[in-house]
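Chemist: 3D model of this:
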Amino acid sequence: MTTTIIFYILLVGLVAFLQWKVNLLRKGKIEIQTVHKDRLHKIKIIKQVLKYFGHKLKDWLKDWFIKMASWRIRAKARTNYFIETKLPWLHTILTKRPDIEAKHTKNIFWRGVIEYKYKIQKLKAQILEEEEQKISDKVNDKLE
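Modeler: Numbers count the residues shown, from 1 in each chain. Below is the predicted model:
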């Protein structure tokens with residue numbers, strides 16, 4: 001009980017002290033020592049310029065990485081399409097086939113690994129087909 005009374009007395013005293021200081025500031029009897037406004041303004045402008053260039057650099061890098069990734073995907077789809085259509089003998093050499101052996105099919109772990117590899121290969125093939133379809137759609141749209 002006494003601690004709460006002391007707390008409220010100190011709180012009221014702190015509020016009264018701060019109000020007195022604010023009153024002295026408004027009347028101009030005391031001044032706050034601050035950094036010069038010009039210097040502060042220069043620092044603020046430099047920070048804004050650095051943030052602006054950082055933001056532009058971030059946007060540029062993001063766009064560049066997206067362009068490079070899309071270029072790589074398109075180039076891979078084009079080369080795969082070229083190899084499949086023009087060089088089928090090379091396509092048969094380069095195409096990976098699942099490594100299936102009798103001892104592997106008996107083991108549950110190796111069977112799971114083989115199935116996982118097969119699913120990944122199917123997914124990659126599906127993605128490449130979608131990219132080839134997009135490329136052919138773009139070519140058809142340009143021709144029309």
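Chemist: Okay, and the residue most central in space within the chain sits in which element?
Modeler: Against the mean C-alpha coordinate of the chain, by CA atoms, centre = their mean, the closest residue is residue 62 at 8.1 Å. Residue 62 is part of helix 37-86, with elements assigned from DSSP states H and E.
Chemist: Packing partners of the helix or strand following that helix?
Modeler: Using DSSP H and E, the helix or strand that directly follows helix 37-86 along the chain is helix 88-94. Secondary-structure packing of helix 88-94 (3 or more CB pairs under 8 Å, 6 or more residues apart in numbering; DSSP states H and E): helix 37-86. All C-beta atoms are positioned from the backbone trio N, CA, C, and that covers glycine.
Chemist: Let me know the average pLDDT across the helix it packs on.
Modeler: Per-residue pLDDT values over helix 37-86 give a mean of 82.
Chemist: what helices or strands is it leaning on?
Modeler: Helix 37-86 is packed against helix 88-94, helix 108-143, with contacts defined by 3+ CB pairs under 8 Å, 6+ apart.
Chemist: Next, the buried residues of the shortest one.
Modeler: Read it as helix 88-94. Of the residues in helix 88-94, none is buried under the neighbour-count criterion (16 or more other CB atoms under 10 Å).
Chemist: what do you get for stretch 76-89?
Modeler: Of all the residues in stretch 76-89, those buried under the rule 16+ other CB under 10 Å are 77, 80-81, 83-84.
Chemist: what do you get for stretch 63-79?
Modeler: Neighbour counts over stretch 63-79 (16+ other CB under 10 Å) mark residue 77 as buried.
Chemist: follow-up on the earlier one: take the buried residues of stretch 76-89 and lay them out in a markdown table including distance to residue 95.
Modeler: Shown next, in a markdown table, are the buried residues of stretch 76-89 (distance: CB to CB, whole Å):
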| residue | distance to residue 95 |
| --- | --- |
| 77 | 15 |
| 80 | 10 |
| 81 | 14 |
| 83 | 9 |
| 84 | 9 |
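Chemist: Would you map out the domains in the protein?
Modeler: With domains defined by the TED database, the chain comprises 36-96, 98-143.
Chemist: follow-up on the earlier one: of all the helices and strands packed on helix 37-86, which lies closest to residue 17?
Modeler: Nearest of the helices and strands packed on helix 37-86 to residue 17, taken as CB to CB: helix 108-143 at 70.2 Å.
Chemist: Noted, bye for now.
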